[in-house]
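Engineer: Model the following, please.
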Amino acid sequence: MLDLKFIRENPNLVKEAIAKKRYNIDIDQLLQFDAEKRQLQFSYDNLKAHQNKISKEIALKKQNKEDVSGIINEMQTVANQLKETTGKLSQVSEQIEKVLVSIPNIPQEDVPVGKDENDNQFVREWQDEKRKSPILDRKLFDHLELAEGLNLLDLPRGAKISGSGFPIYTHYGALLERALINFMLDFHIKNHNYREIAVPVVVNRQAMFGTGQLPKLEEDMYHIAEDDLFLIPTGEVPVTNIYHDEILSFQQLPKKFVTYTPCFRREAGSYGKETKGLQRLHQFNKVELVRFVEPRDSSTALEEMVNEAENILKALALPYRVMQLNTSDLSFASAKTYDLEVWTPGMKKFLEVSSVSNFADFQARRAAIRYRDESGKVNFVHTLNGSGLATPRTYIAILENYQNEDGSVTIPDVMQNYMHGMTRLTAPVE
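Structural biologist: Below is the predicted model of the structure:
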């Protein structure tokens, strides 16, 4: 959430920033509400001071056994005026809050301006030199063909139980999914010094508001109405909110957490978009990286986290590219985001496997996460998070990049210990 004082002092900057994100919000109306509230607050303060003055006069007159009937009538008039002003203050405060929570975060200055995802900016690409090979004449299978041939997935029975988008991983397919999660957790803990944390996968409304999913994205979330709780769309939500309404010390920063969680998304409005196989799911697994840092460190932390996510792809020897999102493609809460897209030769396209974002103090303001700096001043922390990685499309990339002509799949070297020493997935014997 943006600071109202900042908006008041920089209205044109805020208007321009939210226009770049392709939002239509009436900032002038917000400022009118703000001016009205400040005038009402001024009136309230004066009335309250006058009320206190009258109370003292009444007490003094009673002490001197003087008539107080006239001044009591004046007191009642002031009390009525206070009640009316309080009601107006409450009403205008609600109007201000309603607009404030709908304003997206401001993109950082170095974020490219664009109209849609086609304006995202290429940053770099990588491919393992040892795995480069000439273009093969033979047909390459896509991940679904490979998974069906190797009996790794049972999508029809998953759909029978829960509906489409809820996959069942079978036998070695389940082992591969679990191995991928364990490999990524261990990698970030050992190589990047993250602390593992296990968190709830059901959260309250405040937690969803704190990270920016609510109110804008409520229709995309799975909601438990009786308890007003939500299934998490990402591990970012519970991990970021562990410090909700707390004040940390600068000596406690930075904090670096890694977590594995299942994630749940209704994906409302995404019908027909990349739905084949594991490309777009309602339930999927993800390893998430979350950092809490001092404001001066967040830009550096973002670049570090992108590199950390890249290191997973490099360890798996999967070809990928890094894209910087333009202003229109940034999420509601993000100030700057990089996407990592892995190449899938069977489908002949890049698929996003990680999104790494700097939210600056936007989430911290919504969740009241602060820290006390070296001078003793209390400030909002900066929060960052990134997928490290999401498993479904990483799973796709492993199958398609490591496929063999006979339909088997070679297991990446770094995964073999996690796969009980297996080096290859082959068709099951009937």
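Engineer: can you tell me the distance between the two ends of stretch 197-207?
Structural biologist: 17 Å (CA to CA, to the nearest Å).
Engineer: Ile7 looks like it's in a helix, true?
Structural biologist: Yes - under the criterion used here (DSSP: H, G, I helix; E, B strand; the rest coil), Ile7 sits inside a helix.
Engineer: Quick one: the helices in the protein, in order.
Structural biologist: Taking DSSP state H, the helices of the chain run over residues 4-9, 11-20, 27-63, 69-100, 143-149, 155-162, 172-192, 205-211, 236-240, 298-315, 362-367, 391-401.
Engineer: Save those helices as TSV, and put in mean pLDDT too.
Structural biologist: Shown next, in TSV, are the helices of the chain (pLDDT from 0 to 100):
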stretch	mean pLDDT
helix 4-9	96
helix 11-20	96
helix 27-63	91
helix 69-100	90
helix 143-149	95
helix 155-162	96
helix 172-192	98
helix 205-211	97
helix 236-240	98
helix 298-315	98
helix 362-367	98
helix 391-401	97
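Engineer: so which of the ones you listed comes closest to Asp228?
Structural biologist: Taking CB to CB, helix 205-211 is the member of those nearest to Asp228, at 5.8 Å. For the C-beta atoms, the positions are set from N, CA and C on the backbone; glycine is no exception.
Engineer: So which residues make contact with the closest one?
Structural biologist: Applying CB atoms under 8 Å, 6 or more residues apart in numbering, the contact partners of helix 205-211 are 101, 214-215, 218, 221, 228-230, 236-238, 240-241, 244, 333, 363, 366-367.
Engineer: Would you mind checking those for buried ones?
Structural biologist: Neighbour-count burial (16 or more other CB atoms under 10 Å) is assigned, among the contacts of helix 205-211, to 214, 221, 229-230, 236-238, 240-241, 244, 333, 363, 366-367.
Engineer: just curious, which of these is nearest to Arg157?
Structural biologist: The closest of the buried ones among the contacts of helix 205-211, once distances to Arg157 are taken by CB to CB, is Met221, at 25.8 Å.
Engineer: what's the spacing between Pro112 and Thr327?
Structural biologist: 7 Å (CB to CB, to the nearest Å).
Engineer: try Val92
Structural biologist: 31 Å.
Engineer: Pro112 and Thr327: which is more packed in?
Structural biologist: Thr327 (22 against 15; other CB atoms under 10 Å).
Engineer: Surely that one touches Ile18?
Structural biologist: No - using CB atoms under 8 Å, Thr327 makes no contact with Ile18, being 9.7 Å away.
Engineer: got a list of what Asn326 touches?
Structural biologist: 111-115, 117, 119-121.
Engineer: Kindly report the same for Phe33.
Structural biologist: Per CB under 8 Å, 6+ apart, neighbours of Phe33: 92, 95-96, 99.
Engineer: can you tell me which of those residues lies nearest to Val14?
Structural biologist: Val99 (11.5 Å).
Engineer: for the closest one, what are its contacts?
Structural biologist: 25-26, 29-30, 33.
Engineer: Could you dump the residues you listed into TSV with distance to Tyr418 added?
Structural biologist: As requested, the contacts of Val99 are arranged in TSV below (distance: CB to CB, whole Å):
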residue	distance to Tyr418
Ile25	48
Asp26	53
Gln29	56
Leu30	52
Phe33	56
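Engineer: Around Gln51, how many other residues sit close by?
Structural biologist: Neighbour number of Gln51 under other CB under 10 Å is 16.
Engineer: Return the distance of it relative to Glu145.
Structural biologist: Taking CB to CB, one finds Gln51 at 78 Å from Glu145.
Engineer: swap in Ile312?
Structural biologist: Distance from Ile312 to Glu145, by CB to CB: 25 Å.
Engineer: and what of Leu351?
Structural biologist: Distance from Leu351 to Glu145, by CB to CB: 16 Å.
Engineer: And for Val201?
Structural biologist: 32 Å.
Engineer: Share the number of residues neighbouring Asp263, please.
Structural biologist: Just to correct that, residue 263 is Cys rather than Asp. 23.
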